[in-house]
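> Predicted coordinates and the sequence they were generated for:
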Amino acid sequence: MVTLKSPSEIEQMKPAGALVAACHREIAKMIRPGVSTWDIEELVDDMLHSAGARAYTKGYKGYKYATCASVNEVIAHGFPNRTPLKNGDLVKIDIVAQLDGWIGDSAWCYGVGELSPEAEKLMRVTKECLYIGIERAVVGNRIGDAMHAVQKHAESHGFSMVRDLAAHGVGRELHEEPNFIHVGTPGKGFRFKEGMVLTIEPMVNEGTWRMTIDADGWTARTADGKLSAQFEHTVAITSDGPIILTAHE
Ligand code: MF3
Ligand code: CO
């Protein structure tokens, strides 16, 4: 069942989204060669606790950390660790905060130092995919049309869209209905309704869309070892258009 949120509930969701956004703003300032994803984990954990929020991923299905930290060919759900980041790394940090009972969820991709032109392009196109999806997240539009546009944008640049990890409704729970992937067929799928709050979180790969999961049960990697990028926002669908609850740029 899709839980539609009233305008006042969407207002109530704003602080959780804003807190995740504030974390991303701080990460953007600190990320450089030599910093580790563990440093980022500690920063986020501190920021969430100081704000009276819960790091929702800690303990979620056995996950242990306040962030997912996915470097280069890791698509998602990587564990933060003490390895220093290197010049040219592509790092995705995913944060889920629960504040006053409401959840905000946003992953952002950061370049460390100077990126290769290919990594730079992958990041740019993936961010464009995010905003193409958000622009089309309008009352009455179909998910198939929106996600077809997102998919085609990635593919038109020679990249592929991950198909095995889904976006989701979000509210009091992290994973609510609807669920969808960032690949779509025009004219198909549910229509966006006023009061839906969902994530849009395209994961775009340089090579194949296929992925593997490590023996740890979490770390999702590209099957060919090539790069992957992701940008994710929590978005509220309103009669005035989509509102990005986790906006920070
Ligand atoms: N943004 C991720 C999601 O949409 C957050 C889950 S991370 C997990 O599912 F590790 F806790 F699962
Ligand atoms: Co999510």
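All right, it came through fine. Ligands and ions are numbered 1, 2, ... in the order given.

> so how far is the longest helix seen in the chain off the chain centroid?
Longest helix in the chain, counting residues (DSSP state H): helix 7-30. Relative to its chain's centre, helix 7-30 lies at 13 Å (Cα atoms, centre = their mean, to the nearest Å).

> That one close to ligand 2?
No. Using Cβ under 5 Å from the ion, helix 7-30 stays clear of ligand 2, coming no nearer than 10.6 Å. Heads up, the C-betas are built off the backbone N, CA and C, glycines and all.

> Check the average confidence over that helix, would you?
What helix 7-30 shows for mean pLDDT is 98.

> now stretch 182-189
The pLDDT scores in stretch 182-189 average 98.

> May I have the distance across it, first residue to last?
End-to-end distance of stretch 182-189 (Cα to Cα, to the nearest Å): 12 Å.

> buried residues in that stretch?
Of the residues in stretch 182-189, 182, 183, 184, 189 count as buried by neighbour count, 16 or more other Cβ atoms under 10 Å.

> need those in TSV with distance to ligand 2, can you?
What follows is the buried residues of stretch 182-189, written out as TSV (distance: Cβ to the ion, whole Å):
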residue	distance to ligand 2
182	12
183	17
184	18
189	18
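
> What about ligand 1: which of those residues touch it?
Among the buried residues of stretch 182-189, no residue sits close to ligand 1 (Cβ under 6 Å from any ligand atom).

> Restricted to helices, list these.
Among the buried residues of stretch 182-189, no member falls in helices (DSSP H).

> picking up where we left off before, is the longest helix of the chain anywhere near ligand 1?
No. Residues of helix 7-30 are not located near ligand 1 by Cβ under 6 Å from any ligand atom, the shortest gap being 10.1 Å.

> need the residues of this protein near ligand 2, please.
Residues of the chain lying near ligand 2 by Cβ under 5 Å from the ion: 105, 199.

> Quick one: the helices in the chain, in order.
Ranges of helices in the chain, per DSSP H, are 7-30, 37-50, 117-135, 143-156.

> just these: most buried one?
Across the helices of the chain, the average number of neighbours (mean count of other Cβ atoms under 10 Å) peaks for helix 143-156, which reaches a mean of 20.

> would you put the C-alpha positions of that helix in PDB?
What follows is helix 143-156, C-alpha atoms only, in PDB (Å, rounded to 0.1, in the frame of the first residue of the first chain):
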ATOM      1  CA  ILE A 143       6.700   6.100 -13.700                       C
ATOM      2  CA  GLY A 144       7.400   4.200 -16.900                       C
ATOM      3  CA  ASP A 145       7.700   7.500 -18.800                       C
ATOM      4  CA  ALA A 146       9.900   9.100 -16.200                       C
ATOM      5  CA  MET A 147      12.200   6.200 -15.800                       C
ATOM      6  CA  HIS A 148      12.400   5.600 -19.600                       C
ATOM      7  CA  ALA A 149      13.800   9.100 -19.900                       C
ATOM      8  CA  VAL A 150      16.300   8.500 -17.100                       C
ATOM      9  CA  GLN A 151      17.400   5.200 -18.600                       C
ATOM     10  CA  LYS A 152      17.700   6.600 -22.100                       C
ATOM     11  CA  HIS A 153      19.800   9.600 -20.900                       C
ATOM     12  CA  ALA A 154      22.400   7.200 -19.400                       C
ATOM     13  CA  GLU A 155      22.400   4.900 -22.400                       C
ATOM     14  CA  SER A 156      22.700   7.700 -24.900                       C
END
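
> Number the chain from 119, please
Yep, numbering from 119; the last one is helix 261-274 now.

> Show me what that helix packs onto, helices and strands only.
Here helix 261-274 touches helix 235-253, strand 278-279, strand 294-298, going by 3 or more Cβ pairs under 8 Å, 6 or more residues apart in numbering; DSSP states H and E.

> With that, I have no additional questions.
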